[in-house]
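[1] Sequence below, structure please.
(one chain, ligands or ions: 1)
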Amino acid sequence: VNGDVGSLLGGDHTKALIGQLIIFNQILGELRLDIREQVKEMALIRNSILECQVCGFHEPRSRCSPNPCYKGVACLESLQYPGFTCGACPPGTSGNGTHCEDIDECSLQPCFSPEACVNTVGGFSCRPCPPGLWGAPLAGTGLDAKTHRQECVDVDECVE
Ligand SMILES: [Ca+2]
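    Numbering: from 1, shown residues only. Predicted structure coming up:
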């Protein structure tokens, strides 16, 4: 009799155990889904943080805004101090890109006479040749003054 009761109890226990295992399995399945969702969310958060760090690091270090270079000179962000590099000075000026000064081309004497030279910001021009002499008008920028010189020649009107 005892044995029968024992097996009966055992059967109930097994049923109960199986029932609990099924519930446990369901919970495990739900947990697995939850974890999968969590992993996705973590990846999203990680990406957001990375993007945030990128913009966060760039914003205060954006040394090119406002442009610290001379007017019209390109600014490039740099990892080295001071955090930017400037392009070359505009034609007709010289300097380090932050400070550019007009080149006085007249010091190179590109014109027929020193008085004929007019220095301008970023360039120079020559006044017309003196009376009786002929030559093309000349104007230029920076180093043009070295290679281009104003020629004023005496045209012998008697020949023509
Ligand atoms: Ca000049």
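[2] hey, let's count contacts and neighbours off CA atoms from now on
    OK.
[3] Not counting its neighbours along the chain, what's nearest residue 100?
    Using Cα to Cα, 6 or more residues apart in numbering and skipping residues adjacent in sequence, the residue nearest residue 100 is residue 94, 5.1 Å away.
[4] need the contact list for that neighbour.
    100-103 (Cα atoms under 8 Å, 6 or more residues apart in numbering).
[5] which of those come close to the ion?
    102-103 (Cα under 5 Å from the ion).
[6] which of the contacts of residue 94 tops the neighbour count?
    Most neighbours among these, by other Cα atoms under 10 Å: residue 103, with 22 neighbours.
[7] Report the contact partners of the residue lying closest to that one once chain neighbours are set aside.
    Nearest in space to residue 103, with sequence neighbours left out and distances taken as Cα to Cα, 6+ apart, is residue 93 at 5.0 Å. By Cα under 8 Å, 6+ apart, the contact set of residue 93 is 100-103, 122, 142.
[8] and these, which of them are in strands?
    Members of those lying in strands (criterion: DSSP state E): 100-102.
[9] Columns pLDDT on top of the residues you listed, output as JSON lines?
    As requested, the ones in strands among the contacts of residue 93 are exported to JSON lines (pLDDT from 0 to 100):
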{"residue": "100", "pLDDT": "95"}
{"residue": "101", "pLDDT": "94"}
{"residue": "102", "pLDDT": "94"}
